[in-house]
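K.L.:
Need coordinates for the following:
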Amino acid sequence: MRAVLLSFLISVSAVTAAAAAMSDAEVQQAIIRDSLAAYPGPCPCPYNYMRNGRACGGRSAYVRPGGYSPICYDRDITQDMMRSYRARHGG
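P.N.:
Residues are numbered from 1 along each chain as shown. From the prediction side, this is the model:
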């Protein structure tokens, strides 16, 4: 039982250290990746592609008002968002 608990604590420490070691750029990319993964359709951002192979452009959720507001670019990410991400992911 002690070995299992020790193993668990070591793995939690490793995950926490990895999140803390993430650079700002890595946190930004993780936030964008999570945002895109949460979008249910094929066109969250202008640089994505529709099912027919054409660029989403002005048809993307990012451009269209109302509804979803995916995070597509680094410039969309605030310091508060980065702090929140690090807090949720142990870093």
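K.L.:
rest of the way, CA atoms for contacts and neighbours
P.N.:
Fine.
K.L.:
how about the strands in the protein?
P.N.:
With strands called from DSSP state E, the chain shows none.
K.L.:
got a pLDDT number for the most centrally placed residue in it?
P.N.:
When Cα atoms, centre = their mean is applied to the chain, the residue found nearest the centroid is Ile31 (2.4 Å). In this prediction, Ile31 carries a pLDDT score of 97.
K.L.:
got it, and Ile71?
P.N.:
The model reports Ile71 with a pLDDT of 97.
K.L.:
Over to the one 5 residues further on?
P.N.:
Confidence at Asp76, expressed as pLDDT, is 96.
K.L.:
So that it lines up with my notes, have the first residue be 813 from now on.
P.N.:
Let's use 813 as the start, then, which means that last one is Asp888.
K.L.:
got the residue ranges for the helices in the protein?
P.N.:
Assigned by DSSP state H, the chain shows helices spanning 814-832, 836-850, 891-900.
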